[in-house]
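1. next come a sequence and a model predicted from it.
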Amino acid sequence: FLFADESRMVRFDMSEYQDPDAMSRLIGRGRGIVGAERGGLLTERIKENPYTILLLDEIEKAHPQVLNLFLQAFDEGWITDGLGNMVYFSDATIIMTSNLGSHLFRKLLNPIGFLPEREELSEEQLERVHQQLIDTVRREGWMSPEFLNRIDAILVFDPLSKETVKKITYLLIDQLNERIAPYGKRLIVDDAAVELIVERGYSPEFGARELKRALADLVEDELAVRWEEASQFEVRVIDGNLVVVPLMEAIEGEEGRVGV
C-alpha cells in the first residue's frame, strides 16, 4: 500500500540472528576482514533502496546487540556499516512482529485451536486480553525501556478463525496457480481438500506460518511427481488423504475453486 510494489518489502527472520556473529551478517565485516567487500544484508538493502518496508519477524529472538543496532536506527535515523559508512533509515518503514504473550489468547480458543466467530466474544473480553498482551511485552524484559519507547505503536492481532485460515489457504493456492500457469498447468482444489490442508497445516502455536509447508508437502510434491501426466490437475480427498489427480481432458468451461 505504501509503495505499490511487493519488492519494496524485505523480511528478516530474527531467529537467524541470535548469535554474536549476527551483527556482521547485518552490517558487514570491518576493513581487512575476509568478506568485508560484500557488505551486510541489511545495510546493502537499505543503500540500494532507502524506501523499503523492513519486516523484522519475531524480533524478541534477536541477539541483544542486534536490538541495540535497531535502537540506533530508531533514535538517530542511521546506523554505521562494517566499513564505517553511515546508512540512513529515515525513509524506511520498520515493522516488527512478536509472539510474546500469545499464550494469553489460548483461553479464548476452541478445542481445535481456532478463535470462535466474533459474535461469541465480547469486545470487552478482547480489549482486556489486548491490554494484558501489551503489559506482558513491557514486563518480559527482552527489550529495554528505551527501545520500547521508540516504537510508534503496538498492534495486537486476534487469533485466526477457521474461515480466515481457509481464505489464506485459497490465496496460497492462487499463488501456486500463478507460478505454474506459464507452463500451461492448472490446479483445482475443492473445499474438502482445503479443509484437510487446514487441519494438517494450521496450529495455534505457529498460526498460519505452517500452511505453506503443508501445501508444499501435501500437494506440490505430488504435483511435481505427476507433472508430465496432464495440463490440469485436481486435488481430492481419498480415504482421508490428499491425492493429486491428473485430468486427461480439461472440462470446457469448468473453473473450479482455486481461491476466494
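-> Structure's in. What do you need?

2. so is the residue nearest the centre of the chain in a helix, a strand, or just coil?
-> Compute the mean C-alpha point of the chain, and by C-alpha atoms, centre = their mean the closest residue is Arg209, 6.2 Å away. Classification of Arg209 using DSSP: H, G, I helix; E, B strand; the rest coil returns helix.

3. ok, it to Asp13 distance?
-> 11 Å (C-beta to C-beta, to the nearest Å). Heads up, the C-betas are built off the backbone N, CA and C, glycines and all.

4. again with Leu55
-> Leu55 sits at a distance of 9 Å from Asp13 (criterion: C-beta to C-beta).

5. same check, this time on Met23
-> Applying C-beta to C-beta to Met23 and Asp13 gives a distance of 16 Å.

6. and the two? Which one has more around it.
-> Met23 (19 against 12; other C-beta atoms under 10 Å).

7. would you map the helices across this protein?
-> Residue ranges of the helices in the chain, as given by DSSP state H, are 22-27, 41-48, 64-76, 123-140, 145-149, 162-180, 191-201, 211-215, 221-225.

8. which of the ones you listed sits closest to Ile95?
-> With C-beta to C-beta, the closest approach to Ile95 among the helices of the chain belongs to helix 64-76: 11.8 Å.

9. can you spell out which helices and strands pack onto that closest one?
-> In this structure, helix 64-76 makes packing contacts with helix 22-27, strand 78-80, strand 93-96, helix 145-149, judged by 3 or more C-beta pairs under 8 Å, 6 or more residues apart in numbering; DSSP states H and E.

10. point out the most buried one among the ones you listed.
-> Of all the helices and strands packed on helix 64-76, helix 22-27 carries the top mean neighbour count, a mean of 19, counting by mean count of other C-beta atoms under 10 Å.

11. mind listing residues that contact that one?
-> Around helix 22-27, the neighbours that count as contacts under C-beta atoms under 8 Å, 6 or more residues apart in numbering are 12, 16-17, 40-43, 62-63, 65-66, 69, 79-82, 87.

12. narrow these to those that are buried.
-> Neighbour counting over the contacts of helix 22-27 (16 or more other C-beta atoms under 10 Å) leaves 12, 17, 40, 42-43, 62-63, 66, 69, 79, 81-82, 87 as the buried ones.

13. show me which pair in the residues you listed is furthest apart.
-> Using C-beta to C-beta, the pair of those lying farthest apart is His63 and Val87, separated by 19.1 Å.

14. kindly provide the whole-number mean pLDDT of stretch 243-260.
-> For stretch 243-260, mean pLDDT is 57.

15. with stretch 74-85 instead?
-> Along stretch 74-85, the predicted confidence averages to a pLDDT of 90.
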